[in-house]
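K.L.:
for reference, the sequence and a predicted model appear below.
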Amino acid sequence: MEKKYADIIKLGTSALSDAMDRLGIPGQALGIKPVDRSFLVCGPAFTVHNMPCDIHGGSVGDYIDDVAEGQVICIDNAGRLDATVWGDILTWVAHQRGVAGTVIDGACRDTHLARELGYPVYSRSYSMRTGKDRVQVEAMNAIVNIGDARVAPGDLLRGDADGVVVLPHAHEDAILAAAEEIDAIEQQIRAAVAEGKTLAEARRHLGYHHLQARKS
């Protein structure tokens, strides 16, 4: 893993989200949650855009053969909850090939295997109803929408128990620097309280209430 990714995975999505607010960079994937709250994911996006099937029907998963080790599969299924686009075979293959995880604006199924293998899956929901002949892959490595966050191929995704943030590739360094500063100040606040200061005093002294304020 690149050092940058190793540094980012040490940070929670909350610190990254605050950093993005400070920098005026959108990227919080709202409504996208982990199938298991122990899951963590970090890696560059391999994007998939789905659409409703035409009269011939279509596939929801053959793209897996094109995904590289360490990438995060991002599937834009327009938030649909009535047609799953990820299941046990895809989970097993992705896990075998070292894919970092899967993030879906829509629904998945066969969640037991993701938990058993420790393969991170994030989605809006899950059910048993297949997407076969309901939706099909329309495009790969195109810009997609995940939880109202724009995801371009190669953008960095970071997920934890609170959800997923999307770090645009061009702004990774700035977001990382701001998030590390925010995280360090929050640790200083905890230390100050442990030494006897009130929380109000520690927050005021260290500028807590302005940590995520937009900076020009």
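P.N.:
Yep, that arrived.

K.L.:
distance of residue 48 from residue 141?
P.N.:
8 Å (CB to CB, to the nearest Å). (Glycine included, C-beta is placed from N, CA and C.)

K.L.:
these two: which has the busier surroundings?
P.N.:
Legend: neighbour count by other CB atoms under 10 Å for residue 48 and residue 141, higher for residue 48 (27 against 15).

K.L.:
so the more buried one sits in a helix?
P.N.:
No: residue state for residue 48 (DSSP: H, G, I helix; E, B strand; the rest coil) corresponds to strand; a helix is not indicated.

K.L.:
check contacts around the residue nearest to it when sequence neighbours are not counted.
P.N.:
Excluding its sequence neighbours, the residue lying closest to residue 48 (CB to CB, 6 or more residues apart in numbering) is residue 75, at 4.6 Å. Residue 75 sits next to 48, 50, 85-86, 102-106, 144 when contact means CB atoms under 8 Å, 6 or more residues apart in numbering.

K.L.:
just give the closest residue to residue 82, not the sequence neighbours.
P.N.:
That would be residue 129: by CB to CB, 6+ apart, it lies 6.3 Å from residue 82.

K.L.:
quick one: that neighbour and residue 87 touch, right?
P.N.:
No: between residue 129 and residue 87 there is no contact under CB atoms under 8 Å: 10.7 Å.
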